[in-house]
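Q: below is the sequence, then the predicted model.
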Amino acid sequence: MATLDNANPTILSASQLPTRQAKLAPRKGPESRYNDIVFAKPSYLAQPFCGQDAVAWPRTSDWHDEFADEAIDEQEIYDLISTISDPEHPVSLGQLSVINLCDIHITPSPSLGAPEPNTIVQVRVEITPTITHCSLATVIGLGVRVRLEKALPPNYRVDVTCKENSHNQDDQVNKQLGDKERVAAALENDTLKGVLDKMLETCA
């Protein structure tokens, strides 16, 4: 059996991983200033013209939540990639803290609302190998990139790098992950493709 790079990694339990426990409150901003007026129940549906319960009128927040497009945010990106299996250990990248919510960056910010279909959205993910001499950092980065490129809309661009000072050769790893030709060539390697497929089996 091959020697593991890190035979004793710190493993988080599922309850320690970030999750969206409750639905986010509707955003408040200038664009919603007149919602109460615009979406108010018309006077002709009120008494004395109609009975009190004659017509159910939707609340503004319910209407907005039901029909408004929502931007893909950092938590959704985390949910897509944190369940990827580590190539050495039978646990997820989230449990090993290789993937962390604070290391996911989206431009333009999801707080600005859903982008137009032709707007290029940049997703940057910084991975943190469990040890600074991890020999599988490039493979892990490829797994993250493949997962996001398959799951996200075509206007999303993915950039995966090692977090600064998290790897002895982070410049070399980042150069490999950022070179499209190298990535394409690596994905044509049957052995590597088998490793990546195994890593992505645990993704929903």
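A: All right, it came through fine. Values in this document were obtained by computation on a predicted structure and should not be read as measured data.
Q: quick one, domains of this protein?
A: As given by automatic domain parsing, the domain ranges for the chain are 39-67, 70-200.
Q: Ile106 - nearest residue in space that isn't next to it in sequence?
A: Val123 (5.5 Å; Cβ to Cβ, 6 or more residues apart in numbering). Glycine gets a C-beta too; all of them are placed from N, C-alpha and C.
Q: which residues touch the spatially most central residue of the chain?
A: The residue lying closest to the centre of the chain (Cα atoms, centre = their mean) is Ile77, at 0.3 Å. By Cβ atoms under 8 Å, 6 or more residues apart in numbering, the residues touching Ile77 are Ile104, Ile106, Val123, Val125, Leu148.
Q: could those go into CSV alongside neighbour count?
A: Formatted as CSV, the contacts of Ile77 follow (neighbours: other Cβ atoms under 10 Å):
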residue, neighbour count
Ile104, 20
Ile106, 20
Val123, 21
Val125, 25
Leu148, 19
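Q: greatest separation within the residues you listed: which pair is it?
A: Ile106 and Leu148 (11.3 Å; Cβ to Cβ).
Q: what do the two both touch?
A: In terms of Cβ under 8 Å, 6+ apart, Ile106 and Leu148 are both contacted by the residues Ile77, Val123.
Q: what ranges do the strands span in this protein?
A: Using DSSP state E, the strands of the chain run over residues 104-107, 121-127, 156-162.
Q: can you add distance to Asp197 and mean pLDDT and give those strands back as CSV?
A: Converted to CSV, these look like this (distance: least, Cβ to Cβ, whole Å; pLDDT from 0 to 100):
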stretch, distance to Asp197, mean pLDDT
strand 104-107, 24, 97
strand 121-127, 19, 97
strand 156-162, 18, 96
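Q: who wins for proximity to Ser15 among those strands?
A: Closest approach to Ser15 among the strands of the chain is made by strand 104-107 (20.4 Å; Cβ to Cβ).
Q: what's the neighbour count on Ser92?
A: Ser92: 22 surrounding residues under other Cβ atoms under 10 Å.
Q: ok, it to Lys198 distance?
A: Separation of Ser92 from Lys198 (Cβ to Cβ, to the nearest Å): 13 Å.
Q: what is in contact with these two at once?
A: Ser85.
Q: show me which helix runs longest in this protein.
A: The single longest helix within the chain, with elements called by DSSP state H, is helix 137-151.
Q: so what's Leu177 up against?
A: Thr138, Gly141, Leu142, Arg145, Val160, Thr161, Val183.
Q: most neighbours per residue, which of the domains of the chain?
A: Most buried of the domains of the chain, by mean neighbour count (mean count of other Cβ atoms under 10 Å): domain 70-200, with a mean of 17.
Q: endpoint to endpoint, it covers what distance?
A: 26 Å (Cα to Cα, to the nearest Å).
Q: could you pull out the helices in the protein for me?
A: All helices of the chain, identified by DSSP H, fall at 35-38, 60-67, 74-81, 137-151, 170-178, 180-187, 190-200.
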